[in-house]
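A.B. asks: Kindly generate the corresponding structure for this input.
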Amino acid sequence: MVEIAAIGFLIMGLVGLFSPQRITALVDIAELSAAGRNEVRAVYGGFGVVIGGLLLATASEPELHKGVVLTVAVALLGMVAGRCLSWVIERRIDVFPLLFMAGELLFAGGLLLTL
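C.D. replies: Below is the predicted model:
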């Protein structure tokens with residue numbers, strides 16, 4: 001599961017870095033300014049690549065690996081919490097945010113089960 005989550009983060013990160021509008025188009029943000037592309041590249045791109053790489057790099061370092069896996073799982077649960085709060089405030093959730101939330105829950109649960 002750790003490797004699958006790492007690959008997921010790496011894919012998201014690479015898409016975020018090199019095609020930021022592909023990420024935002026999924027949530028109905030069609031156009032991005034230069035500042036918007038910068039933000040997507042940082043949050044989805046750079047963060048995703050580093051988290052995926054960190055999950056893979058610490059696989060052979062048990063004393064680091066457990067802390068990294070726990071941190072990533074909790075971060076994913078934080079994303080789920082943010083989506084749930086938004087769902088309550090907006091009183092709706094669209095298909096892609098719901099799918100993202102399901103994936104975040106799946107990865108978080110799977111990561112926690114590896115501990």
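A.B. asks: chain center to the lengthiest helix in the chain, what's the gap?
C.D. replies: Using DSSP state H, we find that the single longest helix of the chain is helix 62-90. With CA atoms, centre = their mean, to the nearest Å as the basis, helix 62-90 stands 9 Å off its chain's centre.
A.B. asks: go on, stretch 103-115?
C.D. replies: 12 Å.
A.B. asks: List the contacts of that stretch.
C.D. replies: By CB atoms under 8 Å, 6 or more residues apart in numbering, the surrounding residues in contact with stretch 103-115 are 1-2, 4-5, 8, 66, 69-70, 72-74, 76-77, 79-80, 83. (Glycine included, C-beta is placed from N, CA and C.)
A.B. asks: cool, stretch 69-82 as well?
C.D. replies: 2, 5, 51, 54-55, 100-101, 104-105, 107-109, 111-112, 114-115.
A.B. asks: Report how many residues lie close to residue 76.
C.D. replies: The number of residues packed around residue 76, counting by other CB atoms under 10 Å, is 24.
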